[in-house]
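Undergrad: here are the coordinates; sequence isn't available:
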């Protein structure tokens, strides 16, 4: 965990990228403070690449306090219980204020196990949000990644890839894993996904 490691130590081991969590930073200290400080690089004292995830994984892990619609996701803060609502557009604003080099679209991450219809709905909604994130993302010094969903269903993963590549992104994340599925099932459903992605674009698992 980088929370227990200094920037000098990360530099010494040759770390090229650090990941910052948009959900936790949004709640505390708040994106406005980080923006006013000059963005995450100056806030952290880190001059190499920073990636922010959308925070969607953290939001959906709080299933008992979350309400999801096509408009966005309503959730409660784990810090003070305050209610928040993230649209794809608001999530892009948060990540643009944080100022990372690589940012992730807001996506819906279904749990495991989940019935097929639930996973298919997450694929549809994540693609809808992907288009809205791309339209809302305006920082030219950031690279926006679309995120593949589909659970352990290879056909739904392929559908997700097709939807995202039609929109077109500079990179692609493969999300929706480490949500309770057996490791061998993850590998089995993951294997067909990478060959479907554009060969000239980076992938993030």
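TA: Yep, it's here. Only a predicted model underlies this, so the values are computations on that prediction, with no experimental measurement involved.

Undergrad: now what about the helix ranked longest in the chain, what contacts it?
TA: Ranked by residue count and defined by DSSP state H, the top helix of the chain is helix 116-136. Outside of helix 116-136, the residues within contact range by Cβ atoms under 8 Å, 6 or more residues apart in numbering are 68, 70, 87-89, 91-93, 105-110, 144, 146-147, 149-151, 153, 156, 159-160, 163-164, 167-169, 176. The way it works is simple: take the backbone N, C-alpha and C, and place the C-beta from them, glycine included.

Undergrad: 7 Å - rerun?
TA: Helix 116-136 is touched from outside by 70, 88-89, 91-92, 105-108, 110, 144, 146-147, 149-151, 153, 156, 159-160, 163-164, 167, with contacts defined as Cβ atoms under 7 Å, 6 or more residues apart in numbering.

Undergrad: same thing with stretch 195-205?
TA: Contact with stretch 195-205 is made by 145, 158, 161, 165, 170-174, 194, as judged by Cβ under 7 Å, 6+ apart.

Undergrad: doesn't residue 50 fall inside a strand?
TA: Yes. Assigned with DSSP: H, G, I helix; E, B strand; the rest coil, residue 50 falls within a strand.

Undergrad: Tally up the residues packed near it, please.
TA: Residue 50 has 21 neighbours, counted by other Cβ atoms under 10 Å.

Undergrad: What separates the first and last residues of stretch 134-146, distance-wise?
TA: Stretch 134-146 has its terminal residues 9 Å apart, counting by Cα to Cα, to the nearest Å.

Undergrad: start at 13 instead
TA: I'll keep to 13 as the first residue from here, and by that count the last item is stretch 146-158.

Undergrad: Now it: buried residues?
TA: Residues of stretch 146-158 classed as buried by neighbour count (16 or more other Cβ atoms under 10 Å): 146, 148-149, 154-158.

Undergrad: just those now: which is nearest residue 109?
TA: For the buried residues of stretch 146-158, the minimum distance to residue 109 (Cβ to Cβ) is 11.1 Å, reached by residue 154.

Undergrad: for stretch 75-88, the distance to its chain's centre please.
TA: Chain-centre distance of stretch 75-88: 16 Å, with Cα atoms, centre = their mean, to the nearest Å.

Undergrad: buried stuff in it?
TA: 80, 84-85, 87-88.

Undergrad: Let's see the distance spanning it from one end to the other.
TA: Stretch 75-88: ends 10 Å apart by Cα to Cα.
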